[in-house]
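S.K.: can't give you the sequence, but here's the structure:
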């Protein structure tokens, strides 16, 4: 099956087992902040510059490219070039972030996966 509108938002963290509830609470508090308190223009500029730098590093090695292109093919059935990825990302606005957070970062859509020491 192919779902062209599917995306992934992932939060990854590590903690001691005794801190799991506290970390989960912090994450959900931060998600609510995203929905209610928009990032500033300065933060948005920083995020875009950070993303562009991070993405450029990811395009440096063959193994990274395989991962990027594999995920793009899997989720969108198309491969987007570095330049096109940056162009698209630069069009994202603060309003887009708030709208997306309110639409998708809601409890029926959130899945929590945990792994402990074996």
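M.R.: Received the coordinates, thanks. Bear in mind that the values here come from a model prediction, so they are computed numbers and not experimental data.
S.K.: how would you label residue 13: helix, strand or coil?
M.R.: Secondary structure, DSSP: H, G, I helix; E, B strand; the rest coil: residue 13 is coil.
S.K.: Need the pLDDT of it.
M.R.: The model reports residue 13 with a pLDDT of 87.
S.K.: is it true that it touches residue 22?
M.R.: No: under the criterion of Cβ atoms under 8 Å, residue 13 is not in contact with residue 22, lying 11.1 Å apart. Quick note: C-beta positions are derived from backbone N, CA and C, even for glycine.
S.K.: The worst-scoring helix or strand of the chain on mean pLDDT: what's the following helix or strand?
M.R.: Every helix and strand of the chain was ranked by mean pLDDT, DSSP states H and E. The lowest is helix 62-76, at a mean of 79. Next in sequence after helix 62-76, counting helices and strands by DSSP states H and E, comes helix 82-90.
S.K.: list the buried ones in that following helix?
M.R.: residue 85 (16 or more other Cβ atoms under 10 Å).
S.K.: Which residues does that helix contact?
M.R.: 48, 51, 52, 55, 56, 59, 80 (Cβ atoms under 8 Å, 6 or more residues apart in numbering).
S.K.: give the contact list for residue 59.
M.R.: For residue 59, counting by Cβ under 8 Å, 6+ apart, the contacting residues are 65, 68, 82.
S.K.: Repeat the analysis, applying 7 Å as the threshold.
M.R.: Applying Cβ atoms under 7 Å, 6 or more residues apart in numbering, we find residue 59 in contact with 65, 82.
S.K.: what does residue 35 give?
M.R.: 98, 101, 102, 105 are the contacts of residue 35 under Cβ under 7 Å, 6+ apart.
S.K.: repeat that with 10 Å
M.R.: Residues near residue 35 by Cβ atoms under 10 Å, 6 or more residues apart in numbering: 97, 98, 99, 100, 101, 102, 103, 105, 106.
S.K.: follow-up on the earlier one: from the contacts of helix 82-90, pick the one nearest residue 9.
M.R.: Using Cβ to Cβ, residue 51 comes nearest to residue 9 of these, at 14.2 Å.
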